[in-house]
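K.L.:
below are the sequence and a predicted model for it; my questions follow.
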Amino acid sequence: MDLDKLDRIIKNDEDWDKFIELLNTINEDYLKSIGKYNLFRISFYTWYVMSEWGRLSPKLEKCLDQAEHILIDAFKIATEKYSNDEDYLWFYGYLISVFPEHFLSIYSDYLKAENAGKQMLNVASRRQYPLAIIFNEKFLEKDILEKGKKDLENMFNESTEVYDYFIRMIELIESEDKK
């Protein structure tokens, strides 16, 4: 699986048939075989498409169920492997708290899902993990935001849509803080 190809498709709004084809190659065995950050990247791609483009592009409607299935499988695998990991807590806490409806098959209720995401962010922020603090929006100190950008560079390749997305979120928080 070429995750960089998947990233290019999403970033450049390329051929959605290729995107669907790539989604169809991702299965539970593949998800179990990849590393933590690649698992996070796939989770992000499926979450992002469902959240941002799924309702906007009729071409993607046919792959939304597959994307949701992959997101849930990736989340379950990440939970088994990394449930006490700060990266896991802030990353999935953010995804769940922003769009809880994508995790209803796990939590069965919108509010339960939203609260689970917020709780994950709270646990990560109590551990003083800078990115959790940023995305929980409790502390907006400039040095924390800058450290968050550096942490993102270490987690995700700077050329990926995942990295770009979270940098945009940090910049949005920075600009809101200046108002």
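P.N.:
In hand now; what should we look at?

K.L.:
who's in contact with the most centrally placed residue in the chain?
P.N.:
In the chain, the residue lying closest to the centroid (CA atoms, centre = their mean) is residue 44, at 3.4 Å. Residues in contact with residue 44 (CB atoms under 8 Å, 6 or more residues apart in numbering) are 91, 95, 161, 162, 165. Yep, even glycine has a C-beta here, placed from its N, CA and C like the rest.

K.L.:
likewise residue 45?
P.N.:
Residue 45 neighbours (CB under 8 Å, 6+ apart): 6, 7, 10, 161, 162.

K.L.:
for the residues you listed, give me TSV that also has secondary structure and pLDDT.
P.N.:
TSV is the format used below for the contacts of residue 45 (DSSP: H, G, I helix; E, B strand; the rest coil; pLDDT from 0 to 100):
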residue	secondary structure	pLDDT
6	helix	71
7	helix	72
10	helix	69
161	helix	80
162	helix	84
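
K.L.:
which of the residues you listed sits closest to residue 21?
P.N.:
Residue 21 has its nearest neighbour among the contacts of residue 45 in residue 6, at 10.4 Å by CB to CB.
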